[in-house]
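Enquirer: sequence first, then the predicted structure:
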Amino acid sequence: MKDIFGKALLDYHSGNYTEDIVTSTSISEDDVLPLSYLFRNYSQMPKLEQKALQLVKGSILDVGCGSGSHSLYLQEKEFNVKAIDISKGAIQVAKQRGVVNTELKSILDETETFDSILLLMNGTGIFQELKQVASYLKHLKSLLKPNGQILIDSSDIKYMYEDEDGGFWQDMNANYYGELDYFISYKGEEEIPLKWLYLDFNTLHLACESVGLKCDLVVEGEHFDYLARLM
């Protein structure tokens, strides 16, 4: 990976902001992701994220921490937080912004245990494909201390397949409809396409049951999104 995401965060944080990230998926057109949004404070966060931050307890793992916004808020609340990301640039920015405990690491390489694990901004995306959900959930479960919890958000993107008559044009022979290719470009440079998974709540619930996790719907957002708590 070229770490375009990390480069963009570093540019913004160091005062070299000139343009935003452009994203698209295999079923959607180009969309601008404002870099300022990736540096938002608590009051600027969506209600789902605010709710997740209200529910944390004990020691916390912030997975895919990005610029460290969630970790910084929790540090201010005197929580013990570890922030991890696979983007070298993101980890640099999180450190520079004041996140105390950061590590360049994939969740699958994590071995410590925590009371709360946060996977926000479509946390199910890191699962990549439906067939990998159970193995990721098993690993996440192994990182929980007794009575620990996983707070994860996602969206049911079935609406994106709806036609004008209210019907759906999904190919029943294709993969699960939430499996997408995700494209990122910044300053004329394109990242290697990522596999990204949007998971509807019922499918997440079933996957959790299969690995012995309880899955509760905490709150639904305004646009087919939701926050779930796994225990």
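Expert: Nice, thanks for sending it over.
Enquirer: all contacts plus neighbour counts: C-alpha atoms, from now on.
Expert: Noted.
Enquirer: buried sites along whichever strand or helix holds Ala207?
Expert: Assigned by DSSP states H and E, Ala207 falls within helix 201-210. By neighbour count with 16 or more other CA atoms under 10 Å, helix 201-210 contains the buried residues Phe201, Leu204, His205, Ala207, Cys208.
Enquirer: what about the spatially closest residue to the third one that is not a sequence neighbour, how many neighbours?
Expert: Which is His205. Spatial nearest neighbour of His205, excluding adjacent residues (CA to CA, 6 or more residues apart in numbering): Cys215 at 5.5 Å. Cys215 has 21 neighbouring residues, counting by other CA atoms under 10 Å.
Enquirer: pretty sure Cys215 is touching Thr203, no?
Expert: No - counting by CA atoms under 8 Å, Cys215 stays clear of Thr203, with 10.6 Å between them.
Enquirer: so Asp11 makes contact with Tyr17?
Expert: Yes - if you go by CA under 8 Å, Asp11 and Tyr17 touch, sitting 5.6 Å apart.
Enquirer: overlap of the contact sets of the two?
Expert: Residues touching both Asp11 and Tyr17 (CA atoms under 8 Å, 6 or more residues apart in numbering): none.
Enquirer: please, where are all the strands along this protein?
Expert: With strands called from DSSP state E, the chain shows them at 21-25, 28-33, 60-63, 81-85, 102-104, 114-119, 144-155, 179-186, 189-190, 194-197, 215-220, 225-230.
Enquirer: with mean pLDDT and distance to Pro46 added, can I get those in JSON lines?
Expert: Below are the strands of the chain laid out as JSON lines (pLDDT from 0 to 100; distance: least, CA to CA, whole Å):
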{"stretch": "strand 21-25", "mean pLDDT": "97", "distance to Pro46": "20"}
{"stretch": "strand 28-33", "mean pLDDT": "96", "distance to Pro46": "15"}
{"stretch": "strand 60-63", "mean pLDDT": "98", "distance to Pro46": "17"}
{"stretch": "strand 81-85", "mean pLDDT": "98", "distance to Pro46": "20"}
{"stretch": "strand 102-104", "mean pLDDT": "98", "distance to Pro46": "24"}
{"stretch": "strand 114-119", "mean pLDDT": "98", "distance to Pro46": "14"}
{"stretch": "strand 144-155", "mean pLDDT": "98", "distance to Pro46": "11"}
{"stretch": "strand 179-186", "mean pLDDT": "97", "distance to Pro46": "22"}
{"stretch": "strand 189-190", "mean pLDDT": "96", "distance to Pro46": "28"}
{"stretch": "strand 194-197", "mean pLDDT": "97", "distance to Pro46": "20"}
{"stretch": "strand 215-220", "mean pLDDT": "98", "distance to Pro46": "11"}
{"stretch": "strand 225-230", "mean pLDDT": "98", "distance to Pro46": "11"}
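Enquirer: can you give the contact residues for stretch 124-140?
Expert: Against stretch 124-140 from outside (CA under 8 Å, 6+ apart): 108, 150, 152-154, 176, 179, 195-199, 207-208, 210-211.
Enquirer: and for stretch 222-231?
Expert: Stretch 222-231 has contacts (CA under 8 Å, 6+ apart) with 48, 52, 141, 147-157, 201, 208, 213-221.
Enquirer: narrow these to just the buried residues.
Expert: 48, 52, 141, 148-157, 201, 208, 213, 215, 218, 220.
Enquirer: near Tyr37, how many other residues are there?
Expert: Neighbours of Tyr37 using other CA under 10 Å come to 10.
Enquirer: if I look at it, how far off is Leu137?
Expert: Distance from Tyr37 to Leu137, counting by CA to CA, to the nearest Å: 28 Å.
Enquirer: thanks a lot, catch you later.
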